[in-house]
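Asker: Structure here, sequence nowhere to be found:
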């Protein structure tokens, strides 16, 4: 498993009493039915990152609790002011995949700090004023077998002599 760490500059900015840097979450929604992914950033204005334009669409992420019993999911509440996300959710036949990044923006420079995290859109609820997204892993990793082979006296008798 890869260790995810943020840069020394980001740590300095996070612990600084005053900072001109901001940490933003970026989400890229992609699907086989789409020609181009829909990219949004938790900001009021669009940003240029990773060679693409990210639409500024403020949203409110709720990070999961740190428990051992279940796979964590991120719940995101998006203001339904831009129809781009609604059109995406209504146009695809199955749930799209989501690539998540956390970036640091300082003096116009965008630096990747975390990501990409490859997740899936597990569910969504489109309301009049908000869209609620539940993002996480599609496969329940905690209940998956550790390997595909089963070693017992019938399948591997040499191990049990």
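Answerer: In hand now; what should we look at? Treat the numbers as computed from the prediction; the structure is a model and nothing was measured. Residues are numbered from 1 along each chain as shown.
Asker: Every contact and neighbour count from this point should use C-alpha atoms.
Answerer: OK.
Asker: Remind me what the longest strand along the chain packs against, helices and strands.
Answerer: Determined from DSSP state E, the single longest strand within the chain is strand 109-126. Contacts defined by 3 or more Cα pairs under 8 Å, 6 or more residues apart in numbering; DSSP states H and E place strand 109-126 against strand 97-106, strand 130-136.
Asker: what lines up beside it in the sheet?
Answerer: Pairing partners of strand 109-126, with direction, according to DSSP bridges: strand 97-106 (antiparallel), strand 130-136 (antiparallel).
Asker: Buried deepest among those strands, which one?
Answerer: strand 97-106 (a mean of 20; mean count of other Cα atoms under 10 Å).
Asker: residues in contact with that one?
Answerer: Strand 97-106 is contacted from outside by 10, 20-31, 110-121, 135, using Cα atoms under 8 Å, 6 or more residues apart in numbering.
Asker: Export the strands paired with strand 109-126 as a markdown table, with columns for mean pLDDT and distance to residue 39.
Answerer: Formatted as a markdown table, those follow (pLDDT from 0 to 100; distance: least, Cα to Cα, whole Å):
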| stretch | mean pLDDT | distance to residue 39 |
| --- | --- | --- |
| strand 97-106 | 92 | 9 |
| strand 130-136 | 90 | 15 |
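Asker: pull the helix or strand with minimum mean pLDDT from the protein.
Answerer: Least confident helix or strand, the chain: helix 84-91 with a mean of 82, by mean pLDDT, DSSP states H and E.
Asker: Can you point out the buried residues in the longest strand of the chain?
Answerer: Within strand 109-126, the residues that count as buried by 16 or more other Cα atoms under 10 Å are 110, 111, 112, 113, 114, 115, 119, 120, 121, 122, 124.
Asker: Over to residue 58: give its phi and psi.
Answerer: Backbone torsions of residue 58, given as degrees, to the nearest 10, read phi -60, psi 130.
Asker: separation between the closest residue to it other than its chain neighbours and residue 91?
Answerer: The shortest distance from residue 58 to any non-neighbouring residue, by Cα to Cα, 6 or more residues apart in numbering, is to residue 42 (4.5 Å). Distance of residue 42 to residue 91, given as Cα to Cα, to the nearest Å: 23 Å.
Asker: Before I go, just wanted to say thanks for your time.
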